[in-house]
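1. model this:
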Amino acid sequence: MIQLDSLTKVFDTPKGAVVAADHIDMEVPAGEICVLLGPSGCGKTTTLKMINRIIRPTSGKVYINGEDTTGMDTQDLRRGIGYVIQQIGLFPNMTIEENITVVPRLLGWDKARYKERAREMMAMIAMEPDAFLKRYPNELSGGQQQRIGVARALAADPPVMLMDEPFGAIDPINRAVIQDEFLKMQQELKKTIMFVSHDIDEAIKMGDRIAIFREGKLVQSSTPDDLLAAPRNAFVESFLGEDRALKRLNLVKVRDVVSDDIGCVRPDDTLEAALARIDDFGYQSSILMVNDRRQPVGIITRSVARTTKGYCRDHFLGIPASVNLDDDLRKVASLMFAHDTTWLPCVDDDGRVCGQITQRSMTRHLGSRYRALEGDVSPNATALTDTTPKE
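-> A predicted model of the protein is given here:
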């Protein structure tokens, strides 16, 4: 959808020519988010602004959906591209409704249509239309204004969006909420988005691909997993940080690692049977107890099963935690560390046990990507059986 062909910008300054963007070649497929990342002054914002001609390129071309935009009227070009900036840029003398409908009104939409569109956009960003549409920007919090900025960019349903640090001025809690809401919208809308950020964690979370810039040059453009697993050079590696392997935990879902090979007991089973089931698995120091709906209700530890007589229903401990198939491995690792455990049960949306995840399986899954780069295994190789020693 977006293609940059040798896009270049040279600024003339009193001290001479400064190359802000140097022959940038890249593509963003339709429906994907590409995050431009790099230190201040590296050329990422200049590159973004050349797409909608806020900054005119010195040379090179921009193609949108295969069409060379060089000869397009600037106003027509901009009206077909949503634009969100860090400073939000809402018009202070306009109501929220008027702000959202600026572009539809410029495009000649009739009144009933653009008013309905404003209500649709408010619902999409989880803000009550009747409560906010007649207010002015100064009556809203910073986070609310940022949502309105996103709604305004989406109002005319542009196929392409440019976002220049759109969440940078928001506090961390609201920032995470707005990021999550935006990603949910993107799953439905499938816009093609270029997104400038300084935040590596934000880039990993938001981007289908990440483009690293340095001194006006595009250094590497890859999927987040490829970038973290195989930085192209020492600059990219240092920019990503020494904990880049841990950052990959955000990219992997439980469903990618879960094993359905999990031992369970029922409340009416004896502790002797529970001990036998624990021994069957060898590496576990406890076993999960489930009810008739296969929902987790407790655990039986090896020490209790080995030294006590009776039934599981009378000697179980509470479950430290469980995880959903759509949780990421960062959450899993955090729960494991917090509860000093090497495994957790996995449940589906109905709370039924569908497998387990272990520290070893997480390690093997992440490590397989590095081994694949060395030609040892396929990136999709199945994780090896857990070999954590017995208690």
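
2. all helices for the stretch 1-150 of the chain, in order.
-> 44-51, 74-79, 96-100, 102-106, 111-124, 129-132, 142-154 (DSSP state H, counting those that start in this stretch).

3. out of these, flag the one nearest residue 362.
-> helix 44-51 (32.8 Å; Cβ to Cβ). Yep, even glycine has a C-beta here, placed from its N, CA and C like the rest.

4. quick revisit: could you tell me the least trusted of the helices of the stretch 1-150 of the chain?
-> Mean pLDDT is lowest for helix 142-154 among the helices of the stretch 1-150 of the chain, at a mean of 86.

5. among the helices of the stretch 1-150 of the chain, which comes closest to residue 162?
-> Closest among the helices of the stretch 1-150 of the chain, using Cβ to Cβ: helix 44-51, at 5.4 Å.

6. now what about the closest one, what contacts it?
-> 2, 4, 7, 9, 20-21, 24, 36-38, 55-57, 62, 64, 81, 160, 162, 164, 194, 196, 211, 213, 216 (Cβ atoms under 8 Å, 6 or more residues apart in numbering).

7. now do the contacts for the residue nearest to residue 80 when sequence neighbours are not counted.
-> Using Cβ to Cβ, 6 or more residues apart in numbering and skipping the chain neighbours, the partner closest in space to residue 80 is residue 158 (5.5 Å). Contacts for residue 158 were tallied using Cβ under 8 Å, 6+ apart; they are 79, 80, 81, 82, 191.

8. so what's the residue nearest the centre of the chain up against?
-> Per Cα atoms, centre = their mean, the C-alpha nearest to the average position across the chain is that of residue 205, at 2.6 Å. Taking Cβ under 8 Å, 6+ apart, we find residue 205 in contact with 179, 183, 250.

9. quick one: which of those residues is nearest residue 71?
-> For those, the nearest to residue 71 is residue 183 (35.0 Å; Cβ to Cβ).

10. how many residues are close by that closest one?
-> For residue 183, the neighbour count with other Cβ atoms under 10 Å is 12.

11. which residue packs closest to it, ignoring adjacent ones?
-> Per Cβ to Cβ, 6+ apart, closest to residue 183 is residue 206, 6.9 Å.

12. what packs against the helix or strand that contains residue 368?
-> Secondary structure from DSSP states H and E places residue 368 in helix 359-373. The helices and strands touching helix 359-373, judged by 3 or more Cβ pairs under 8 Å, 6 or more residues apart in numbering; DSSP states H and E, are helix 224-229, helix 329-339.

13. report the angle between the longest one and helix 359-373.
-> The one in question is helix 329-339. 140 degrees (axes from the mean of the first three to the mean of the last three Cα atoms, to 10 degrees).

14. and the next helix or strand past helix 329-339?
-> Following helix 329-339 in sequence, per DSSP H and E, is strand 343-347.

15. distance from that following strand to the middle of the chain?
-> Centroid displacement of strand 343-347 relative to its chain, using Cα atoms, centre = their mean, to the nearest Å, is 23 Å.

16. just the mean pLDDT for it, thanks.
-> Average pLDDT, strand 343-347: 92.

17. walk me through which strands it pairs with, and which way each runs.
-> Strand 343-347 sits in its sheet next to strand 323-324 (parallel), strand 353-358 (antiparallel), going by DSSP bridges.

18. which residues are contacting the first one?
-> The one in question is strand 323-324. With Cβ under 8 Å, 6+ apart, strand 323-324 has contacts from 254, 331, 332, 335, 344, 345, 346, 347, 348, 349, 357.

19. in CSV, list these along with neighbour count.
-> Converted to CSV, the contacts of strand 323-324 look like this (neighbours: other Cβ atoms under 10 Å):
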residue, neighbour count
254, 23
331, 16
332, 25
335, 17
344, 25
345, 22
346, 25
347, 20
348, 14
349, 9
357, 29
